[in-house]
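> Give the three-dimensional model of this entry:
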Amino acid sequence: MPVTEILRGPLYHLYERRLLAEVKANPLPRHVGIILDGNRRHGRENGLTDPIGIYEPGARKLDDVLDWCSDLAIPAVTLWVCSTDNLARPTEQVSGILAVVESKLRMLATDPRIHARRVHVDAIGRLDLLPPGMLEAIASAKRATAEYGNLLLTIAIGYGGREEIIDAVRALLSEHGDGASLDEMIARVTPETLRQYLYMPHAPDPDLIIRTSGEIRLSGFLLWQSAYSEFYFADVYWPAFRKIDLLRAIRSFQNRNRRFGR
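The predicted structure follows:
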């Protein structure tokens with residue numbers, strides 16, 4: 001084994017420990033959103049061709065990220081695993097990610113680490129577009145973790161930011177529209193009232209949004225909630241995301257002067 005390979009392990013851990021100490025000394029984000037990008041490119045570069053095999057490394061990475069965020073006492077994590085646009089892709093692509101996510105959700109319902117860390121699992125998006133098996137897996141994970149509150153893990157699947165806002169407006173009009181005049185309805189559409197109809201009305205807005213794979217765009221992720229979020233774009237593909245990548249993102253967040261539009 002080359003000397004560089006032998007040294008890389010200890011040096012990595014020293015760097016990770018230094019980063020961790022630096023991050024823990026400063027205020028941490030209350031809510032971290034992550035756009036899980038790069039699964040297919042990672043699969044191609046590693047010779048993975050099976051649709052399920054392409055997404056399994058990314059599903060395993062979830063366990064690491066939950067451990068890291070739980071150790072840091074970050075109370076909310078939202079992971080965007082599949083958009084409404086993704087669901088329109090060819091069946092051979094969509095079937096792989098849906099099968100892996102469904103399997104992962106079933107595992108979360110019974111995972112001892114989830115229960116030990118008291119992680120509450122939820123899912124958001126156009127869930128009516130998902131197959132019955134996926135809906136059963138979501139319901140099982142939510143039911144098994146309903147009483148927990150140490151960390152809110154939200155899986156965004158079949159999710160689109162524009163669709164979320166449209167759904168919120170429709171829900172507001174549906175609940176308050178009967179017998180109201182047009183002027184009365186217009187007056188009721190405010191940021192405060194509309195927020196109550198978003199997919200995560202009680203979760204804090206994300207302080208930090210991370211996108212993996214080097215793509216520098218949000219693609220519609222949490223459009224409403226991200227108005228004052230800080231963004232961090234990591235070059236690494238999601239399945240290769242490391243603890244130091246998360247810590248670097250948090251350190252970058254901590255070094256910014258957040259003015260919230262002021």
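> Test my guess that residue 225 contacts residue 198.
Yes. With contact defined as C-beta atoms under 8 Å, residue 225 counts as touching residue 198 (7.3 Å). To be clear about C-beta, it is placed using only N, CA and C from the backbone, and glycine gets the same treatment.
> more crowded one of the two?
Counted by other C-beta atoms under 10 Å, residue 225 and residue 198 do not tie: residue 225 has more neighbours, with 22 against 18.
> How much space separates that one from residue 254?
As for residue 225, its distance to residue 254 is 20 Å (criterion: C-beta to C-beta, to the nearest Å).
> quick one: buried residues of the strand or helix carrying residue 184?
For residue 184, the host element (DSSP states H and E) is helix 182-188. Within helix 182-188, no residue counts as buried by 16 or more other C-beta atoms under 10 Å.
> Likewise for stretch 208-227?
208-213, 218, 220-222, 224-226.
> Looking at those residues, spot the one nearest residue 181.
residue 224 (26.3 Å; C-beta to C-beta).
> can you pull out the helices in the stretch 1-150 of the chain?
3-24, 39-45, 51-71, 91-110, 112-116, 132-144 (DSSP state H, counting those that start in this stretch).
> export the ones you listed to CSV and tack on mean neighbour count?
Below are the helices of the stretch 1-150 of the chain laid out as CSV (neighbours: other C-beta atoms under 10 Å):
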stretch, mean neighbour count
helix 3-24, 12
helix 39-45, 18
helix 51-71, 19
helix 91-110, 18
helix 112-116, 13
helix 132-144, 17
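> Out of the buried residues of stretch 208-227, which sit inside strands?
Among the buried residues of stretch 208-227, the members falling in strands (DSSP state E) are 208, 209, 210, 211.
> The second one is in contact with residue 31, isn't it?
Put plainly, it is residue 209. No. Judged on C-beta under 8 Å, residue 209 makes no contact with residue 31 at a distance of 9.3 Å.
> For the protein, spot the helix or strand the model is least confident about on average.
helix 3-24 (a mean of 81; mean pLDDT, DSSP states H and E).
> Pull the residues that contact that one.
If you take C-beta atoms under 8 Å, 6 or more residues apart in numbering as the criterion, helix 3-24 is touched by 72, 243, 244, 247, 248, 250, 251, 254.
> Can you pull the poorly scored residue ranges out of the chain?
Residue ranges of the chain with pLDDT under 70: 1-8.
> ok, and the closest non-adjacent residue to the residue nearest the centre of it?
Nearest to the geometric centre of the chain sits residue 79, at 1.3 Å (C-alpha atoms, centre = their mean). Leaving aside its sequence neighbours, residue 79 sits nearest to residue 34 (C-beta to C-beta, 6 or more residues apart in numbering; 5.3 Å).
> give me every residue that touches that neighbour.
65, 77, 78, 79, 80, 209, 210, 211, 212.
> Could you point out which of these is nearest to residue 101?
Proximity of the contacts of residue 34 to residue 101, judged by C-beta to C-beta, is greatest for residue 79, which lies at 9.9 Å.
> what is the closest one paired to in the beta sheet?
Here residue 79 sits in beta bridges with residue 34, residue 155, as judged by DSSP bridges.
> Now that it has come up, it's in contact with residue 152, right?
No. In this structure residue 79 lies outside contact range of residue 152 using C-beta under 8 Å: 11.4 Å.
> thinking again about what came up before, extract the C-alpha set from the least confident helix or strand of the chain and format it as CSV.
What follows is helix 3-24, C-alpha atoms only, in CSV (Å, rounded to 0.1, in the frame of the first residue of the first chain):
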residue,chain,number,x,y,z
VAL,A,3,2.6,5.6,2.0
THR,A,4,0.0,8.3,1.0
GLU,A,5,-2.8,5.7,1.5
ILE,A,6,-1.4,4.7,4.9
LEU,A,7,-1.2,8.3,6.1
ARG,A,8,-4.5,9.4,4.7
GLY,A,9,-6.6,7.6,7.4
PRO,A,10,-5.0,9.2,10.5
LEU,A,11,-4.7,12.6,8.8
TYR,A,12,-8.4,12.5,7.8
HIS,A,13,-9.4,11.7,11.4
LEU,A,14,-7.3,14.5,12.8
TYR,A,15,-8.8,16.9,10.4
GLU,A,16,-12.3,15.6,11.2
ARG,A,17,-11.7,16.1,15.0
ARG,A,18,-10.5,19.6,14.4
LEU,A,19,-13.5,20.5,12.3
LEU,A,20,-15.9,18.9,14.8
ALA,A,21,-14.4,20.9,17.7
GLU,A,22,-14.6,24.1,15.6
VAL,A,23,-18.2,23.5,14.7
LYS,A,24,-19.3,22.6,18.2
